[in-house]
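Student: missing the sequence, but the structure's below:
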């Protein structure tokens, strides 16, 4: 099965840590003195001379590796459906096909503006294919690979010749800015890929490997109407800690290795690994666990933040288009992700086309 094109889109509103600190909820809830005391252990001179905003920036980078993130406008004028439409059009253009050529659509999403009509129906209409069948799935940060699995089955069984796989979220719409540890993590954006039965510049080398295990403890977002009040404004809750970090590293390593085995490849055959960008400590930890040389595991979180399932297709599109340097003539790429719940997945790809 072929990967014929990719695309991504992030909002124009780029918010660095200093701009984030200007939000009243952040300024009121961030313990600058505690963060300053922690910094004093490693850089006492800087700790006493930095402004509170500088301390926040250093704290955020140390905690997550994130320096900036794209965010939809605060007025709600741009939705996650809008982000998905932009990424989809770019992927279709990259693949050189029209929306009318598509047979099916899968959307990974958890922050759609509208529950009914669902985001797949809305997206089909937005890209000029209002009769295109499809559906939405939610496995949090592993969603793109789970959606890719659906597309893979549609194409390899002959049910479809062309499938659009999209992930897009506006997580900043459900972020609690009175919780700085969660607030610094999330950004908004979307990524997309076109899968085809006819030859394209990329190939999916085997069926994606999917796993799950139940745990609501470390990432939770209560559905509408089920919070403490009928009109509850539910916000995403994300706990961190060493156990979560170790679990994420181990899980992404295991599913990625399984995906390689399914494709009859080894880590020596892999040129790049595109992991979910949840926290730079996790991607660096994965790089160490896999014992891969620098540059083979892509670290993108500094500029995009955690965009849930969209981090994988956004980073993949950036990689293919040369953001991280020229690709070899035949680049073998492993995508791997773990999301709240926990859900996880991985897949091995090959890209032979120019960007």
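Tutor: Great, that's in hand. Quick caveat, the model's predicted, so the values are computed rather than measured.
Student: every contact and neighbour count from this point should use C-alpha atoms.
Tutor: Will do.
Student: packing partners for the longest helix belonging to the chain?
Tutor: Counting by DSSP state H, the longest helix found in the chain is helix 242-262. For helix 242-262, the packing partners by 3 or more CA pairs under 8 Å, 6 or more residues apart in numbering; DSSP states H and E come out as strand 209-215, helix 280-290, strand 331-339, strand 341-351.
Student: next, the buried residues of it.
Tutor: For helix 242-262, a neighbour-count test (16 or more other CA atoms under 10 Å) marks 245, 248-260, 262 as buried.
Student: could you do stretch 71-86 as well?
Tutor: So stretch 71-86, judged by 16+ other CA under 10 Å, has buried residues 71-72, 79-86.
Student: also stretch 143-154?
Tutor: Neighbour-count burial for stretch 143-154 [16+ other CA under 10 Å]: 143-152, 154.
Student: mind putting these into a markdown table with pLDDT?
Tutor: What follows is the buried residues of stretch 143-154, written out as a markdown table (pLDDT from 0 to 100):
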| residue | pLDDT |
| --- | --- |
| 143 | 96 |
| 144 | 98 |
| 145 | 98 |
| 146 | 97 |
| 147 | 98 |
| 148 | 98 |
| 149 | 98 |
| 150 | 98 |
| 151 | 98 |
| 152 | 98 |
| 154 | 98 |
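Student: state the pair within those residues that is farthest apart.
Tutor: Taking CA to CA, the two most distant members of the buried residues of stretch 143-154 are 143 and 154; they sit 16.8 Å apart.
Student: list the contacts of the residue nearest in space to the middle of the chain.
Tutor: With distances taken as CA atoms, centre = their mean, the residue of the chain nearest its centroid is residue 311 (2.2 Å). Taking CA atoms under 8 Å, 6 or more residues apart in numbering as the criterion, residue 311 is in contact with 190-191, 276-277, 304.
Student: now, which of the residues you listed sits nearest residue 67?
Tutor: For the contacts of residue 311, the nearest to residue 67 is residue 304 (8.4 Å; CA to CA).
Student: show the pLDDT at the closest one.
Tutor: In this model, residue 304 is scored at 95, pLDDT.
Student: ok, the residue nearest to it when sequence neighbours are not counted - contacts?
Tutor: Counting by CA to CA, 6 or more residues apart in numbering, residue 304 lies nearest to residue 69, which is 4.6 Å off, once chain neighbours are set aside. By CA under 8 Å, 6+ apart, the contact set of residue 69 is 14-16, 186-188, 302-305.
Student: likewise residue 80?
Tutor: 111-113, 168-170, 188-190.
Student: inside helices: which ones of the contacts of residue 311?
Tutor: Per DSSP H, these map to helices at residue 304.
Student: check which element follows the helix or strand containing residue 164 along the chain.
Tutor: Here residue 164, judged by DSSP states H and E, is contained in strand 162-170. Next along the chain after strand 162-170, taking DSSP H and E as the criterion, comes helix 180-183.
Student: please name every helix or strand in contact with that following helix.
Tutor: Using 3+ CA pairs under 8 Å, 6+ apart: helix 180-183 touches no other helix or strand.
Student: for residue 104, see how far away residue 331 is.
Tutor: 27 Å (CA to CA, to the nearest Å).
Student: the two - which one has more neighbours?
Tutor: The neighbour count for residue 331 versus residue 104, taken as other CA atoms under 10 Å, is higher for residue 104 (24 against 18).
Student: gap between the more buried one and residue 67?
Tutor: Counting by CA to CA, the gap from residue 104 to residue 67 is 37 Å.
Student: could you do residue 19 as well?
Tutor: Residue 19 is 11 Å from residue 67, by CA to CA.
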